[in-house]
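Novice: fold the following, please.
(chains A and B)
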2 protein chains.
Amino acid sequence: MGRKRAGNNKFLKQFNESMILDLIRTHRAISKAELSQITGLSPTAMGLITSSLAEKGYIHETGTGESTGGRRPVLLELKPNSFYTVGVDLDVSYVKIILIDITGSIIHECSFTMFEEAGAELVLQRVENSIENLLKQFCIPDEKLLGIGFSVPGMVDIGSQDIILAPNLGWENISVESYLTQLSRLPIYVENEAMASAICEEWVGCCKGLDNFVCINIRSGIGAGIFTGGRLYKGVGGSAGEVGHIVVDENGPKCGCDNYGCLETMASTHRIEERMQRLIRQGSLSSLNSCEQLDEIEIEAIVKAAREGDESAKGILMEAARYLGIAISILVNTLNPSKIVLGKDFIKYADLVINHIKSIVDRKALKAAASKVEITSSALGEKSSAMGAAIIPLKKLFGK
Amino acid sequence: MGRKRAGNNKFLKQFNESMILDLIRTHRAISKAELSQITGLSPTAMGLITSSLAEKGYIHETGTGESTGGRRPVLLELKPNSFYTVGVDLDVSYVKIILIDITGSIIHECSFTMFEEAGAELVLQRVENSIENLLKQFCIPDEKLLGIGFSVPGMVDIGSQDIILAPNLGWENISVESYLTQLSRLPIYVENEAMASAICEEWVGCCKGLDNFVCINIRSGIGAGIFTGGRLYKGVGGSAGEVGHIVVDENGPKCGCDNYGCLETMASTHRIEERMQRLIRQGSLSSLNSCEQLDEIEIEAIVKAAREGDESAKGILMEAARYLGIAISILVNTLNPSKIVLGKDFIKYADLVINHIKSIVDRKALKAAASKVEITSSALGEKSSAMGAAIIPLKKLFGK
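Specialist: Okay, here's the model as predicted:
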């Protein structure tokens, strides 16, 4: 039994350290006395744990707090720039890399574009080079890097972390790690992009401390990251949150999944752009009629036109929003979440359509659930998935 | 600190006792040595915990297990008939009461009908009388009854446990406890009927040990109980699982929620019966044409006719199943569950339509998720909600 009990004690020590580290994180700065009070651990035990965390370099002492009578207590906080993680957002023809430290602060971010059918080998080679350069530039040795997280617009196997299918990248059954010749020495994590965004919103965004919420990302596809009971919900195979394939109009166009009128075919950025292009070709009155390259009309131009009063552009965004509202109503009835956060390209036109979405949800979802949900756009902009991917190795450290 | 630490120890003791009790339950019969091995707790600590559980009357020794060399170990199991709970399923004009013991075995069940608009006071008075008689009949003193669970076809407030709205009962803002003049001396729990069924399937039914599954009940309404990460998922206000209001046909009839073509308006028992009655009125060829009281054609008669080859009856059931398939596809994409269990009235015609539902889900849901889900009908029959309600007080004892 001796060995087994020692094993249990080691596990307990690690559990306690992670818990205390997470309390320090969520409080930003906190005294040992307060930590004792919250956890019920004795001051002696707390002293041992915080010393161990300081020795490992995760925390340090900072300033002093309010006195409650005696000496003003020394506060503990996470030690900035002590440990790092990297997050990589792999999107269609576009890669974003973010370096953050243990506190979740962004140290550096960069991005590059790739031609569309570059393939996993070429893309991941370039990612690898960029990260190696980044580590050199910031003089980060391996032992200070907690890991690298990848965000992909597709399904990730819950066990192997292989990318099962990322249709918009054209990737199928890809093991990210197997393409990394150098970086595979470090812990590698792979996550669906909407789930990565949800992780980010919960850690540093607008869903801190929320148990039940949904993040919906709108870009080339539409997907959701769902939190239930305070945890990312992945489903049995890791493919939960595929809300882009909720049928919102049976008479809609055919989707890649072989159904008709999936949300993705009615409200993704790509489909919004296509619809605008088609409208102009059909001779609709629009300020975008003067565009020389119809195929190059992108969401930014459509949003700009809508803001300047272009009724066609406005109509297309409102129609996409209506379909989003229908799908969100289903999620509100089914999941009764406290928040729905819309992100990625949606942020570009959120102010124009969000009230329309809210009014549809108020009408279509049951009152009890609709009255409890806040629908909002993400404040994290384009970075939520890269940030979320970077947070995954951090979460392991904090026992999450 | 002394008092605080004593408090922690008490909490730890209770936590350990609940954990061991649950291990004994899930293993049915298990030795102390095996319990030590699983938990890592020392034989001495385990001896103290199991003695305490035996003293309280929850467990007893039973037979002996396989020897692994030395003496054959004594096995521990839950002690039948030591403690009890009661579950009450309140449905439209029908009440079911089940008495179970600590092992989950049914000791007694009974049911009675009420006229449809009986109202909460009358119904709950009659329930109270029945339970008091039951306790007398089986000589169960209060200290042996862990509590009473109520299942209702409606939304239950997650905090107060008040029934917010049970539209088919016509109940709104009802505190069950306040109507119980005698039984309020016991712990009272109130739960949505589909959630109660899900609790039951996980505890004693076909979802034992499953983390992520959905139970859908079809009766006067349609609702779901969802498990995520091994726990019942209730949402922020307790109204998760309202899948009866997923719009499955925009051209369908108006629903009580003011939308058109909700699943409930296309596939609930009530609507199946209504459609059959209308079809006959319109002169459709059916073996049910000879019924004298059209308004009294019930689901059982429709199912019987379908089994005997009546094409109209079959067609109506298949149509309802198709809409169920559409809604289930959305749940499969969104929640990626390992199982979908269909219960209540559905059981009566499951064999006629379940393959149709499976084929729709295979076609409409994404392959990755559709290939991982098993769609089945509940084996618990009409009792799942009453049983689930009875299990709620048990779960508290087992620390669940």
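Novice: excluding chain neighbours, what is closest to A:Ile272?
Specialist: Leaving aside its chain neighbours, A:Ile272 sits nearest to A:Ala320 (5.3 Å; criterion: Cβ to Cβ, 6 or more residues apart in numbering or on different chains). Any C-beta I mention is one placed from the backbone N, CA and C, and that applies to glycine too.
Novice: tell me who's in contact with that neighbour.
Specialist: Neighbouring residues of A:Ala320 by Cβ atoms under 8 Å, 6 or more residues apart in numbering or on different chains: A:Met266, A:Ala267, A:Arg271, A:Ile272, A:Val353.
Novice: repeat that for A:Phe138.
Specialist: A:Tyr84, A:Leu99, A:Ile107, A:His108.
Novice: which positions within the strand or helix carrying the residue nearest to A:Ile272 qualify as buried?
Specialist: Using DSSP states H and E, the element containing A:Ala320 is helix A:311-335. Residues A:312-335 are the ones in helix A:311-335 that count as buried (16 or more other Cβ atoms under 10 Å in any protein chain shown).
Novice: now stretch A:252-264
Specialist: A:Gly252, A:Cys255, A:Cys257, A:Asn259, A:Gly261, A:Cys262, A:Leu263, A:Glu264.
Novice: so among these, where is pLDDT lowest?
Specialist: In terms of pLDDT, the lowest of these is A:Cys257, showing 89.
Novice: surely that residue is in a strand?
Specialist: No. Counting by DSSP: H, G, I helix; E, B strand; the rest coil, A:Cys257 is not part of a strand but coil.
Novice: that one reaches A:His245, doesn't it?
Specialist: Yes. The pair A:Cys257 / A:His245 is scored as a contact, 5.3 Å apart, by Cβ atoms under 8 Å.
Novice: and for whatever residue of the stretch 51-200 of chain A ends up closest to chain B, the neighbour number?
Specialist: With Cβ to the nearest Cβ, the shortest gap between the stretch 51-200 of chain A and chain B falls at A:Met155, namely 5.3 Å. By other Cβ atoms under 10 Å in any protein chain shown, the residues close to A:Met155 number 25.
Novice: that one: what's it in contact with?
Specialist: Contacts of A:Met155 (Cβ under 8 Å, 6+ apart): A:Ile163, A:Ile164, A:Leu165, A:Ala166, A:Asn192, A:Gly237, A:Gly238, A:Ser239, A:Glu242, B:Ala368.
Novice: now A:Leu180
Specialist: Per Cβ under 8 Å, 6+ apart, neighbours of A:Leu180: A:Leu124, A:Glu128, A:Ile188.
Novice: which of the residues you listed fall within helices?
Specialist: A:Leu124, A:Glu128 (DSSP state H).
Novice: ok, and which of the contacts of A:Leu180 reach chain B?
Specialist: On the criterion Cβ under 8 Å from any Cβ of the partner chain, none of the entries of these sits beside chain B.
Novice: need the contacts of A:Leu180 in JSON lines (columns: distance to B:Gln277, neighbour count and pLDDT).
Specialist: As requested, those are exported to JSON lines (distance: Cβ to Cβ, whole Å; neighbours: other Cβ atoms under 10 Å in any protein chain shown; pLDDT from 0 to 100):
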{"residue": "A:Leu124", "distance to B:Gln277": "63", "neighbour count": "23", "pLDDT": "95"}
{"residue": "A:Glu128", "distance to B:Gln277": "68", "neighbour count": "18", "pLDDT": "96"}
{"residue": "A:Ile188", "distance to B:Gln277": "62", "neighbour count": "19", "pLDDT": "97"}
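Novice: adding distance to A:Asn289, write the contacts of A:Leu180 out as a markdown table.
Specialist: Putting the contacts of A:Leu180 into a markdown table (distance: Cβ to Cβ, whole Å) gives the following:
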| residue | distance to A:Asn289 |
| --- | --- |
| A:Leu124 | 42 |
| A:Glu128 | 45 |
| A:Ile188 | 48 |
